[in-house]
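K.L.:
Need coordinates for the below:
(one chain, ligands or ions: 1)
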Amino acid sequence: MSVPALQTELLTRRFGDEEVLRGIDLSIEPGQVVGLIGTNAAGKTTLIKCLLGLLKATSGACRLLGEDSWNLSASAKARIGYVSQDFELLPWMTVQGMCDYTGAFYESWRPAQVERLRDEWQLPSDKLVGALSVGQRQKLAVILALGHQPELLMLDEPVASLDPFARRQFLQSLVQFTEAEQNTILFSTHITSDLERIASHVAILRDGKLAWFGPLDTLKEGCKRLRVHAQQALPLDFQIPGAIRCELHGAHALVSVAQMDEELRESIAEKWRADVQVEDLNLEEIFLEWTGSRQDQASSPEKVSS
Ligand SMILES: Nc1ncnc2c1ncn2[C@@H]1O[C@H](COP(=O)(O)OP(=O)(O)OP(=O)(O)O)[C@@H](O)[C@H]1O
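P.N.:
Predicted coordinates:
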């Protein structure tokens, strides 16, 4: 069996009284492209930093490429590409200087590939880094993270400042990156359409826990919204196995489930003498259901009509 590219066991991380990560068990295999999603302040950056050894776990284990994240060897570090949310760069260097400087740290640096990406992404070589726009700096940070041919890419909201064209180019370079079968990506994002385009797997953080982890297709195929219309008022403790969210309104309920199947529909219909309508959800809706941030008026209990 291969060593997981990234792994946590019962990982917790506290900041003062705030327990941001509360017992995360996650195992990402080589070759997986994992989109990490969760609401603002869900702990995505904290998880990425713990995995990279930039933050120490309060308790539990964190491993990267088989090594303890807090004691990574130089050779493991050389196999990682990382783009942080604030992509720290040296403002007084030119773009070319920044590339040469970063390249000097890596034996495996590929100047030709860096130059190609720089041209494709229209980054002026002689411009000072401090004079670049936010989007241009983000592009440079991504190019620097790819320049040494890493096999593990960790990207914390890598496209937040990119225009749609640059985002497309960026996603294309990630697709190229994953042509090497064992290359792994963990990226946090709020843009579900990007996630849909490149992720093989999805990890959802909620309340400091890993609410869901698995293949993107399984998530999309299994997650459904049920409109339950019973003949009489449903009990206040009305529950459905595997429900992610449940809203009750008299004889009606709006329930989202992670793993829908016909047997479940039939058992609800029979047990509650109810008509059960099953609705498909797109990835953004699934995200809203999982993170408990659904605000869609059409779905509010008041609108559940018989
Ligand atoms: N160094 C720190 N000191 C104190 N609190 C911190 C620190 N770093 C993160 N936190 C807290 O941990 C929580 C999670 O932050 P984190 O940046 O991991 O969230 P996130 O999911 O990446 O959010 P976003 O989507 O907004 O980027 C927040 O409440 C944040 O204030």
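K.L.:
Enumerate the residues of the protein near the ligand.
P.N.:
Proximity of the chain to the ligand (C-beta under 6 Å from any ligand atom) is limited to residues Phe15, Glu18, Val20, Gly38, Asn40, Ala41, Ala42, Gly43, Lys44, Thr45, Thr46. (Each C-beta comes from the backbone N, C-alpha and C, glycine too.)
K.L.:
For the residues you listed, give me TSV that also has pLDDT and distance to Phe238.
P.N.:
Converted to TSV, these look like this (pLDDT from 0 to 100; distance: C-beta to C-beta, whole Å):
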residue	pLDDT	distance to Phe238
Phe15	96	37
Glu18	95	33
Val20	96	32
Gly38	91	27
Asn40	88	31
Ala41	89	31
Ala42	92	28
Gly43	94	31
Lys44	94	33
Thr45	95	37
Thr46	96	35
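K.L.:
Quick one: buried ones out of these?
P.N.:
Among the residues of the chain next to the ligand, the ones that count as buried by 16 or more other C-beta atoms under 10 Å are Val20, Gly38, Ala42, Gly43, Lys44, Thr45, Thr46.
K.L.:
from those, which ones fall inside helices?
P.N.:
Lys44, Thr45, Thr46 (DSSP state H).
K.L.:
what's next to stretch 128-144, contact-wise?
P.N.:
83-84, 87, 89-95, 98-99, 102, 114, 117-118, 121, 123, 155, 158-163, 166, 170, 173 (C-beta atoms under 8 Å, 6 or more residues apart in numbering).
K.L.:
And the buried ones among these, selectable in PyMOL?
P.N.:
Those of the contacts of stretch 128-144 that count as buried under 16+ other C-beta under 10 Å are selected in PyMOL with:
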select buried, resi 83+84+87+89+93+94+95+98+99+102+114+117+118+121+123+155+158+159+161+162+166+170+173
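K.L.:
okay, now the residue nearest to Cys62 when sequence neighbours are not counted: neighbour count?
P.N.:
Taking C-beta to C-beta, 6 or more residues apart in numbering, and ignoring the residues beside it in sequence, Cys62 has Ser69 as its nearest neighbour in space, at 4.0 Å. As a burial measure, Ser69 scores 24 neighbours (other C-beta atoms under 10 Å).
K.L.:
ok, now how distant is Glu88 from the ligand?
P.N.:
15 Å (C-beta to the nearest ligand atom, to the nearest Å).
K.L.:
Kindly apply the preceding question to Leu64 instead.
P.N.:
In terms of C-beta to the nearest ligand atom, Leu64 sits 17 Å off from the ligand.
K.L.:
now the strands for the stretch 151-300 of the chain?
P.N.:
Using DSSP state E, counting those that start in this stretch, the strands of the stretch 151-300 of the chain run over 152-156, 184-188, 201-206, 209-215, 224-230, 243-249, 252-257, 274-280.
K.L.:
most tightly surrounded among those strands?
P.N.:
Highest mean neighbour count among those (mean count of other C-beta atoms under 10 Å): strand 184-188, with a mean of 25.
K.L.:
neighbouring contacts of that one?
P.N.:
5-6, 28-38, 44-45, 48, 51, 151-158, 174, 177-178, 198-199.
K.L.:
Could you rerun that using 7 Å?
P.N.:
Defining contact as C-beta atoms under 7 Å, 6 or more residues apart in numbering, one finds that strand 184-188 is touched by 5-6, 28, 30-36, 44, 48, 151-158, 174, 178.
K.L.:
how much does that strand deviate in direction from strand 201-206?
P.N.:
Using axes from the mean of the first three to the mean of the last three C-alpha atoms, to 10 degrees, the direction of strand 184-188 lies 30 degrees away from that of strand 201-206.
K.L.:
The chain should start at 23 in everything you say after this.
P.N.:
Okay, residue one is now 23; in that scheme the one you just asked about reads as strand 206-210.
K.L.:
Pull up the pairing partners for strand 206-210, direction included.
P.N.:
Neighbouring strands of strand 206-210 in its sheet, by DSSP bridges, are strand 55-59 (parallel), strand 174-178 (parallel).
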